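Visitor: After the sequence you'll find the predicted model.
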Amino acid sequence: MARYELLNNVTHKDLRVVTRFGREFGDAIGMVPAFPTEYAELQREYPIFFRKDGDSDGFHSVALLGFDRDENLFLQGERWNASYLPGVIARGPFLIGFQEQQVDGELRREPVIHVDLEHARVATGEGEPVFLPQGGHSPYLQHIITVLRGINDGVEGGKAMFAALDALELIQPVGLDVRFDNEHGVNLTGLYGIDRERLAALDAASLHRLHQAGYLEGVYLVLASLHNMRRLIAEKQRRLREEAAMPSGRAA
């Protein structure tokens, strides 16, 4: 169970975070939330789709990591086989919370960093230090602050972007019936993508509004990301061949 505390350099002066990867850290997952602020990086390696929000009619975007709920095809032992780490993975045990603070005589809700002390990555004897010996931010924490800022901006900007795309009926269900070989395949449901035909049919005014809002670039990045499906399929096929070649009873 999570146990969040407001991060500070006194209480958490010895805090360290393990940065290697593995199932024990919750990395064996088939998809993770994706944010428009990281589409440019994500689209180079991960397929990006949309999913319906569980408690509303809105959407959020996700990066596909595998073809099953607990299958991460980028996870190889203690390595993450990609040059860019999705923000929700990179942030580790940290997240942004909000605290009321006096700013210029006005009470405002300001973002602050919290840490989950029950997170599997939290340690004291190994891993990256969060604070320097003198109490300053370590390079690792500086990186985490950048990651959290991108996530926060992506959450806020994404709501408006997805609503605008949905209003133009650009987000449509996609059916993914994937065959890996003669014996293995998967049918992925619940995913949505950008409808290329509807996009091509948009009038000039609608396209201009998307461009002015900064959403059109994101649309094309999502479409470009779908080429990464070939990479995922190839890695799945490689692992299936590897399992088939194992002595009977040893396949994971």
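Guide: Now that the structure is in, tell me what you want to look at.
Visitor: could you list every residue that touches A213?
Guide: Contacts for A213 (CB atoms under 8 Å, 6 or more residues apart in numbering) come out as 160-161, 164. Backbone N, C-alpha and C define where each C-beta goes, glycine included.
Visitor: make it 7 Å
Guide: Each residue near A213 by CB atoms under 7 Å, 6 or more residues apart in numbering is listed here: A164.
Visitor: how far away is it from S206?
Guide: Separation of A213 from S206 (CB to CB, to the nearest Å) stands at 11 Å.
Visitor: I'd assumed V17 was in contact with E126.
Guide: No. E126 lies out of contact with V17 (CB atoms under 7 Å); the separation is 9.4 Å.
Visitor: Which one of the two is surrounded by more residues?
Guide: Neighbour count, other CB atoms under 10 Å: between E126 and V17, V17 has more, with 21 against 10.
Visitor: and the more buried one, bridged to which residues?
Guide: Judged by DSSP bridges, the bridge partners of V17 are V122, E128.
Visitor: Now do it against L141, distance only.
Guide: Separation of V17 from L141 (CB to CB): 9 Å.
Visitor: Spell out which residues are contacts of both of the two.
Guide: Common neighbours of V17 and L141 (criterion: CB under 7 Å, 6+ apart): V130.
Visitor: Contact partners for V112?
Guide: Taking CB under 7 Å, 6+ apart as the criterion, V112 is in contact with 6, 97-99.
Visitor: can you check H60 too?
Guide: Going by CB under 7 Å, 6+ apart, H60 touches 33, 50-51, 53, 158, 162.
Visitor: of all those, which comes closest to F180?
Guide: Taking CB to CB as the measure, F180 sits nearest to R51 out of the contacts of H60, at 22.9 Å.
Visitor: Ramachandran angles for that closest one?
Guide: Dihedral pair for R51: phi -140, psi 150, per degrees, to the nearest 10.
Visitor: swap in K52?
Guide: Phi and psi for K52, reported as degrees, to the nearest 10, are phi -70, psi 140.
Visitor: Begin at 42, not 1, for the rest of this chat.
Guide: Understood, numbering begins at 42; the last thing we discussed is K93.
Visitor: so how far is V196 from it?
Guide: 17 Å.
Visitor: do the same with L182
Guide: According to CB to CB, L182 stands 21 Å off from V196.
Visitor: and what of T165?
Guide: Distance check for T165 against V196: by CB to CB, it reads 31 Å.
Visitor: S266 now?
Guide: 19 Å.
Visitor: Comparing those two, which residue is more hemmed in?
Guide: Counted by other CB under 10 Å, S266 and V196 do not tie: S266 has more neighbours, with 23 against 15.
Visitor: just the CA coordinates of the helix or strand where the more buried one lies, formatted as PDB?
Guide: Secondary structure from DSSP states H and E places S266 in helix 256-266. The C-alpha coordinates for helix 256-266 follow below in PDB (Å, rounded to 0.1, in the frame of the first residue of the first chain):
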ATOM      1  CA  TYR A 256      -2.500  19.800 -31.600                       C
ATOM      2  CA  LEU A 257      -1.900  19.000 -35.200                       C
ATOM      3  CA  GLU A 258       1.700  18.100 -34.600                       C
ATOM      4  CA  GLY A 259       0.600  15.600 -31.900                       C
ATOM      5  CA  VAL A 260      -1.900  14.000 -34.300                       C
ATOM      6  CA  TYR A 261       0.900  13.300 -36.800                       C
ATOM      7  CA  LEU A 262       3.200  12.100 -34.100                       C
ATOM      8  CA  VAL A 263       0.600   9.600 -33.000                       C
ATOM      9  CA  LEU A 264       0.100   8.400 -36.600                       C
ATOM     10  CA  ALA A 265       3.900   8.100 -37.100                       C
ATOM     11  CA  SER A 266       4.200   6.000 -33.900                       C
END
